[in-house]
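Novice: coords below, sequence missing:
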């Protein structure tokens, strides 16, 4: 099955700095890569996703890059703000038995210091 | 408002006492799933369902049961809970059938089994 590694497990930055979270996956059949943000006491919420026919996608301060050859993808947050503090999960999905089944990374706790 | 609703949000119970965590979604989604979240282990899938009366095991199904009699509901059943099932549980749903779509998560159920 698919295996997703996510690094770092904890990331501490100063407000205004950039933050980068990296994930690698093992199965080249994976072709959908969502990123989720989990705030305290809440469930994960999608913040951005990328499909394997695209190398990069941006949405305001967040961007995701995908390198299919190397089987890794990254989340980039620029001009971080205290409200970006949360746990972030990457996931890799591949088609299995008629549906897309995601495998999640173990999460990165991002702390943005004011 | 589109949402996934889990109940209860918190539960403390004792070993061996059967319990059910309910999950309901109002988005007419075909796909629903259950995850448990443990520190350092991220999100691990327990069971998933691709449609009514269709369920399948995820990565950690031991000790759990599910049913999908209606499209909107996907309850998680612990027939004989044990302390190692103390965890934070999330229900999620996704539309689109075979499409590459993100999941919508509930706000979680924190179970403590003594």
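Specialist: Thanks, I have the structure now. Since we're looking at a predicted model, the values are computed, not measured. Numbers count the residues shown, from 1 in each chain, chains lettered A, B, ... in the order given.

Novice: only C-alpha atoms from now on, for both contacts and neighbour counts.
Specialist: Will do.

Novice: output the lowest mean pLDDT helix or strand found in chain A.
Specialist: Among the helices and strands of chain A, strand A:99-104 carries the lowest confidence by mean pLDDT, DSSP states H and E, at a mean of 84.

Novice: name every strand pairing with it and say which way it goes.
Specialist: strand A:86-96 (antiparallel) (DSSP bridges).

Novice: which residue packs closest to residue A:51, ignoring adjacent ones?
Specialist: Using C-alpha to C-alpha, 6 or more residues apart in numbering or on different chains and skipping residues adjacent in sequence, the residue nearest residue A:51 is residue A:32, 4.6 Å away.

Novice: who's in contact with the one you found?
Specialist: A:49-52, A:92-94, B:100 (C-alpha atoms under 8 Å, 6 or more residues apart in numbering or on different chains).

Novice: leaving out sequence neighbours, find the closest residue to the residue in chain A that chain B sits nearest to.
Specialist: Across chain A, no residue is closer to chain B than residue A:106, which sits at 3.9 Å (C-alpha to the nearest C-alpha). Excluding its sequence neighbours, the residue lying closest to residue A:106 (C-alpha to C-alpha, 6+ apart) is residue B:42, at 3.9 Å.

Novice: and the one you found, how far from residue A:105?
Specialist: Here residue B:42 is placed at a distance of 6 Å from residue A:105 (C-alpha to C-alpha, to the nearest Å).

Novice: try residue A:42
Specialist: From residue A:42 to residue A:105 the distance is 18 Å (C-alpha to C-alpha).

Novice: also residue B:1?
Specialist: Taking C-alpha to C-alpha, one finds residue B:1 at 29 Å from residue A:105.

Novice: residues in contact with residue A:11?
Specialist: Neighbours of residue A:11 in contact, by C-alpha under 8 Å, 6+ apart: A:19, A:108-111.

Novice: beta partners of it?
Specialist: With DSSP bridges as the rule, residue A:11 is bridged to residue A:110.

Novice: next one, pLDDT for it please.
Specialist: Per-residue confidence (pLDDT) for residue A:11: 98.

Novice: please apply the same query to residue B:99.
Specialist: 63.

Novice: related to what we said a few turns ago, pull out the buried members of the contacts of residue A:32.
Specialist: Neighbour-count burial (16 or more other C-alpha atoms under 10 Å in any protein chain shown) applied to those gives A:49-51, A:92-94, B:100.

Novice: list the residues that contact the residue in chain B that chain A sits nearest to.
Specialist: Residue nearest to chain A within chain B: residue B:42 (3.9 Å; C-alpha to the nearest C-alpha). Contacts for residue B:42 (C-alpha under 8 Å, 6+ apart) come out as A:89, A:104-107.

Novice: chain neighbours aside, what residue packs nearest to the most centrally placed residue in chain B?
Specialist: Central residue of chain B (C-alpha atoms, centre = their mean): residue B:34, 2.8 Å from the mean position. Leaving aside its chain neighbours, residue B:34 sits nearest to residue B:91 (4.6 Å; criterion: C-alpha to C-alpha, 6+ apart).
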